[in-house]
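# let me see the structure of the following:
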Amino acid sequence: MVDTGRRFDGRDTRMDSNHPVNERTRPSRAAFSLVELLVVVAIIMAVVSLALPAVQASREASRTTVCANNLKQIGIAHAGYVTKYRSGMPAYDWRRNVLPEMEDNRNSLLCPADARTGLYDVREYSVYIVDNKRTIPLEPGPWCAIGDPVFCEQFSGVRRATPDSYFLVFEDMAYNSPFDGMILVEPIAQGGYKLTHVGGNPHSYTHQLRDPGKVVIANPFGKGFTWTVQGIRTSYGINSRSARFTTDQFKVLAVEYATPVADVVGPTATGTITWWRDVGARHAGRANVVYGDGRVALVDPAEIDPTVPMSHDFSWCPLIDTKLLLSPQ
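Now for the predicted structure:
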């Protein structure tokens with residue numbers, strides 16, 4: 001008899017466990033096609049591309065706000081200083097003067113949008129003695145000291161140009177023996193310092209000058225070598241004539257700038273030539289500014305351009321510095 005695949009009770013024996021179904025006849029599970037995967041990827045990419053500008057804008061807004069708060073703190077610290085010292089704050093060394101008023105918070109001197117590197121202070125450099133492999137940081141300590149100005153001028157034959165200049169002497173200080181080197185440290189108009197090796201008693205030792213990254217920048221390091229440093233790191237430049245402020249609430253006290261001092265007041269100021277190179281328009285082409293009254297604003301650098309006589313006189317030049325005005329009187 002021919003097997004029809006059916007039992008006497010009418011059920012199909014091909015569905016019985018003793019008669020398994022051929023795997024080829026079982027329906028397969030649905031899977032994504034290549035086209036569907038590409039569509040999903042394209043949707044994800046579109047969402048990311050739409051969200052990314054918003055994320056970037058949010059980050060930029062945060063950096064701008066932090067920068068503005070930094071300048072606000074600088075303005076408050078400046079006001080606190082001039083309240084104590086009526087003679088005003090020296091522009092070249094303003095960072096050392098405001099930090100005690102800011103609980104020594106050096107991060108408040110840096111804009112988060114300032115990506116520059118290599119902004120070093122004097123004390124971050126070191127002298128390396130090749131003969132005995134000793135490293136001497138250029139800051140007061142066992143092997144370095146601020147020298148007596150009268151003696152150092154007589155020894156080196158170099159006179160200080162300003163009372164704010166000083167001498168550093170290094171090596172053998174701990175043993176009260178003749179120092180090996182002498183460096184003249186002079187403030188410069190744009191902020192920071194010019195350093196010059198002016199002599200010493202090297203004892204036939206070979207010295208190298210190394211930067212904070214231990215890179216040798218002078219080998220040998222001897223009399224006549226000169227270099228410049230920014231000083232305490234900052235993203236801001238203070239008005240070079242800020243010490244002359246009286247009722248100058250509308251004048252620029254400090255701005256985002258490449259050098260610690262915005263030397264832009266007067267017809268011979270360096271900043272009247274380098275303004276567009278040095279101004280730090282780090283926030284979508286605009287820069288944060290703090291004014292004499294402590295007000296902070298985000299401005300287009302063209303609004304306070306000191307190379308324009310009217311802007312120079314209104315935004316930068318103190319009221320009592322009439323001889324430095326650029327506009328005809």
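# how about the contacts made by the residue nearest to H197 when sequence neighbours are not counted?
Once flanking residues are discounted, H197 sits nearest to F225: 4.7 Å by Cβ to Cβ, 6 or more residues apart in numbering. Backbone N, C-alpha and C define where each C-beta goes, glycine included. By Cβ atoms under 8 Å, 6 or more residues apart in numbering, the contact list for F225 reads 196-197, 209, 218.
# out of those residues, which one sits closest to H78?
For those, the residue nearest H78 by Cβ to Cβ is T196; the value is 30.6 Å.
# with just CA atoms, put the helix or strand where the closest one lies into CSV.
Here T196 is covered by strand 193-199, with elements defined by DSSP states H and E. This file holds the C-alpha atoms of strand 193-199, laid out as CSV (Å, rounded to 0.1, in the frame of the first residue of the first chain):
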residue,chain,number,x,y,z
TYR,A,193,61.4,89.9,30.8
LYS,A,194,64.6,90.1,28.9
LEU,A,195,67.4,88.1,30.4
THR,A,196,71.1,88.6,29.7
HIS,A,197,74.1,86.7,31.0
VAL,A,198,76.5,89.4,32.1
GLY,A,199,79.4,87.5,33.6
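# residues making contact with the helix or strand following that strand?
Sequence order places strand 207-210 as the next helix or strand after strand 193-199, per DSSP H and E. For strand 207-210, the surrounding residues in contact (Cβ under 8 Å, 6+ apart) are 125-130, 135, 180-181, 216-222, 225, 227.
# per-residue pLDDT of T246, please?
Note for T246: predicted pLDDT of 81.
# show the average pLDDT along the helix or strand hosting E60.
Element membership of E60 [criterion: DSSP H and E] is helix 34-84. On average, the pLDDT along helix 34-84 is 86.
# check which residues of the helix or strand just after it are buried.
On the C-terminal side of helix 34-84, the nearest following helix or strand under DSSP H and E is helix 94-98. Using 16 or more other Cβ atoms under 10 Å as the test for burial, helix 94-98 gives 94-95, 97-98.
# and stretch 226-237, how far apart are its ends?
End-to-end distance for stretch 226-237: 24 Å, by Cα to Cα, to the nearest Å.
# hang on, I meant stretch 255-269
Using Cα to Cα, the two ends of stretch 255-269 sit 16 Å apart.
# again with stretch 143-158
Terminal residues of stretch 143-158 are spaced 23 Å apart (Cα to Cα).
# buried residues in it?
Of all the residues in stretch 143-158, those buried under the rule 16+ other Cβ under 10 Å are 143-145, 147, 152-153, 155-156, 158.
# tell me which of the contacts of F225 is nearest to A115?
Nearest to A115 among the contacts of F225 is L209, at 26.5 Å by Cβ to Cβ.
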